[in-house]
Every structure is written in structure tokens, then in C-alpha cells.
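# heads up, no residue letters with this:
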């Protein structure tokens, strides 16, 4: 069996994207795609040449087959995805916006196959991956997926594997804000690299300034914290260094969904290639700028040959 570079896990939904703007209730034509923050990152890392294993469940239905076919076409190792005969594949409806505003999204995922993912689905081979990427979405889906997230992050860190964590807050999936904050911060303490957005960091820590937010997670055990600042770039802090990295200007913002996932792809890929922190954040900002210029959650994720060549680390070979 080939070595697994990266293990990623979570829920991939089918997504129906409106073909014209307006109230979703009035839209008659949709384009079928896939959606899911965790699988977006997995796809982005696969496009950059990493061997990525995907752990999930889909329903025994046409949407599940569509999801699996799409992920396999993107190069993901889907041998560890279970087809659940009892629960359906989740899906969502997404509006089309012409002005760069965030699209409206309606979810149909409660009780989905992926929400029943649990520790028993973890094959021993997955624990040999050199890196684990996790987000705060799976632990919000169910008690079983929360337990799974803790298990994978705890096990991989104890085994000396690197672990990255993007809070990716979904308040509507949690029973309360207090529970969300407590559980997300418990998970962040298990990661080497923590990647909150500024608003997320403020909510999770109670601090306003990026430096203080980063210090909170460094004190909990993180080795590096990178805070996404949108059009203002990003702030990073380690035990030895800190600073701001400017954003990459874009001529027009088309769709903001997936920008944070693209940012994670850039950062994680660069750090796994032993780039310095500044160079890694530069790649992350560049990847995020690509995402907002493309319509769709993953369509803007770059391939290896598309990385800029003006900085050696941005186009580093695996």
C-alpha cells in the first residue's frame, strides 16, 4: 500500500447550485456539484500532488455515488469511505450571487450517513498518515463524530504526526454557543497548527487582537497560529516569530465560499514541504485569492503547475 501523506475526514455533501440569481424558491435550474470544507482541503492537497486518504460515509443512493465518483476523479484515496445502507447522503442548495456577496445556503444534512461516522471506521493504515487535517465541522455533526475527531487528533499527535486544525465554526450545528466554544478549544489544544478566522478567534478566546488570540492557542500547546484576516491578509505567530503577511489583491470577488479552505491548502502544503512560516502564509494568501475569483467551493483550488514561480518555496517540489 502506498504511503499516505495526509488523512482528512468529514462530510461531503451533494450541492445544487442555482443557475441564476434570485430567491431559491423561484429557481428552476440547478447545477449539481459537491460541497464540504474538509473534502475541499483534501482535494486541494491532492491537486498539489499529495497522497490524500479520505475517511467518510455516504448513503447507498445516487447522491452518494455522485460524491464518491467526484472525489475519486480528484485523486482522493476513497477506499476508507463506507457506504451506509441506513442513512442518506446529505445535500445543500446554494444561491447564485452576482455582486460578490456571500451566497445563501440551505442544508439538508441532519441524520446523514456522514454524521454516523465513528471510531470503528478507522482502519489501522489511516493512522500511518504523516499529517492529519481536521476542522470543527465533524465534531458538530454528532457525538460519534466528535469522539472520532478527538480520537484522531489525540492519536496522531501522540504518534508524532503533524496535525492542523481549522475551527470552521458552524454555530447552527451546535446545541449551544458555550458547548461549541468549549469543544473547539479542546480540539485546538491537540493541534500543532491552528487556523482560525479573526471573527472565530475573537469568539473562541474572548480576545480582540490577533496577537492575543494567537497567544491563547500557543499557551494551549499549538506550535503555530495563523489567523485569516480576509482582504487584510493574515497574521501568524509561533514561539519564536510573529508578523502580518499582506493579502494578494484580486480584480473582482466572485464567490467567497471555500476561500478559507483554499487558505488551509496553501498553508498546510507549504509547511509539509518545509517552507518557512512567512512563505507558507504567502502561499495560503495566494491560494485564498484564487478561490474568491472562481464560482464554486473548490473550482479555484490550484494544481501544482499553477503555483507562482517568483518565490522558490511557492512552487517547491514535493
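Okay, I see it. Every value quoted in this text rests on a predicted model; they were computed, and no experiment measured them.
# from now on I want contacts and neighbour counts done on CA atoms only, so please keep to that.
Noted.
# give the buried residues for stretch 212-231.
212-218, 222-230 (16 or more other CA atoms under 10 Å).
# quick one: residues contacting residue 16.
Residues in contact with residue 16 (CA atoms under 8 Å, 6 or more residues apart in numbering) are 30-33, 91-94.
# so it: helix, strand or coil?
Applying DSSP: H, G, I helix; E, B strand; the rest coil to residue 16 yields a three-state assignment of strand.
# quick one: the helices in this protein?
In the chain, the segments counted as helices under DSSP state H are 37-47, 62-73, 138-141, 143-158, 177-188, 198-205, 210-220, 259-272, 277-292.
# and the fifth one, how far from the chain's centre?
What that stands for is helix 177-188. 17 Å (CA atoms, centre = their mean, to the nearest Å).
# what sits up against the lengthiest strand in the chain?
With secondary structure taken from DSSP state E, the chain has its longest strand at strand 52-59. Strand 52-59 is contacted by residues 4-12, 39, 42, 45-46, 64-65, 67-68, 75-89, 112-114, 116-117, 121-122, 126 when judged by CA under 8 Å, 6+ apart.
# what residue in this protein is the furthest from its centre?
residue 26 (31.0 Å; CA atoms, centre = their mean).
# how close does it sit to residue 18?
10 Å (CA to CA, to the nearest Å).
# contacts for stretch 208-221?
Contacting residues not belonging to stretch 208-221 are listed as 188-192, 194, 198, 201-202, 205, 207, 224-227, 235-239 [CA under 8 Å, 6+ apart].
# can you give me the end-to-end span of stretch 187-204?
So stretch 187-204: terminal residues 12 Å apart, CA to CA.
# stretch 110-127 now?
Stretch 110-127 end-to-end distance (CA to CA) = 28 Å.
# do stretch 139-147 as well
This stretch, stretch 139-147, spans 7 Å end to end (CA to CA).
# how far off centre is it?
With CA atoms, centre = their mean, you get 16 Å for stretch 139-147.
# ditto for stretch 121-134
Worked out by CA atoms, centre = their mean, stretch 121-134 lies 16 Å from the chain centre.
# buried residues in that stretch, which are they?
122, 126-134.
# now do stretch 194-202
Applying 16+ other CA under 10 Å to stretch 194-202 flags 194-198, 200-202 as buried.
# ok, and what's touching it?
Stretch 194-202 is contacted from outside by 164-169, 188, 207-210, 213, 217, 222, 224-229, 264, using CA under 8 Å, 6+ apart.
# how distant is the lowest-mean-pLDDT helix or strand in the chain from the center of its chain?
Lowest mean confidence among the helices and strands of the chain (mean pLDDT, DSSP states H and E): strand 105-108, at a mean of 88. A distance of 18 Å separates the centroid of the chain from that of strand 105-108, by CA atoms, centre = their mean.
# and for stretch 221-232?
Counting by CA atoms, centre = their mean, stretch 221-232 is centred 14 Å from the centre of its parent chain.
# need the distance between the two termini of that stretch.
27 Å.
# what does stretch 115-124 give?
End residues of stretch 115-124 are separated by 21 Å (CA to CA).
# what do you get for stretch 216-225?
9 Å.
# nearest residue to residue 277 in space, please, no chain neighbours.
Closest residue in space to residue 277, ignoring its immediate chain neighbours: residue 271 at 7.2 Å, by CA to CA, 6 or more residues apart in numbering.
# burial count for the one you found?
Using other CA atoms under 10 Å, residue 271 is surrounded by 17 other residues.
# can you check residue 238 too?
Residue 238: 18 surrounding residues under other CA under 10 Å.
# ditto for residue 146
Per other CA under 10 Å, the neighbour tally for residue 146 reads 22.
# before we move on, what about residue 272?
Using other CA under 10 Å, residue 272 has 16 other residues around it.
# and it, how far from residue 259?
For residue 272 relative to residue 259 (CA to CA), the value is 20 Å.
# likewise for residue 146?
24 Å.
# can you check residue 13 too?
From residue 13 to residue 259 the distance is 18 Å (CA to CA).
# same check on residue 234?
13 Å.
# higher neighbour count, these two?
More crowded of residue 234 and residue 259, by other CA under 10 Å: residue 259, with 27 against 24.
# stretch 112-124: end-to-end distance?
This stretch, stretch 112-124, spans 25 Å end to end (CA to CA).
# what residues does it touch?
10-12, 55-59, 80, 82, 84, 86-90, 138, 141-142, 144-145, 147-148, 151.
# hmm, which of those are the buried ones?
By 16+ other CA under 10 Å, these give 10-12, 55-59, 80, 82, 84, 87-90, 138, 141-142, 144-145, 148 as buried.
# count of neighbours near residue 74?
The local packing of residue 74 (other CA under 10 Å) involves 14 other residues.
# thanks a lot, catch you later.
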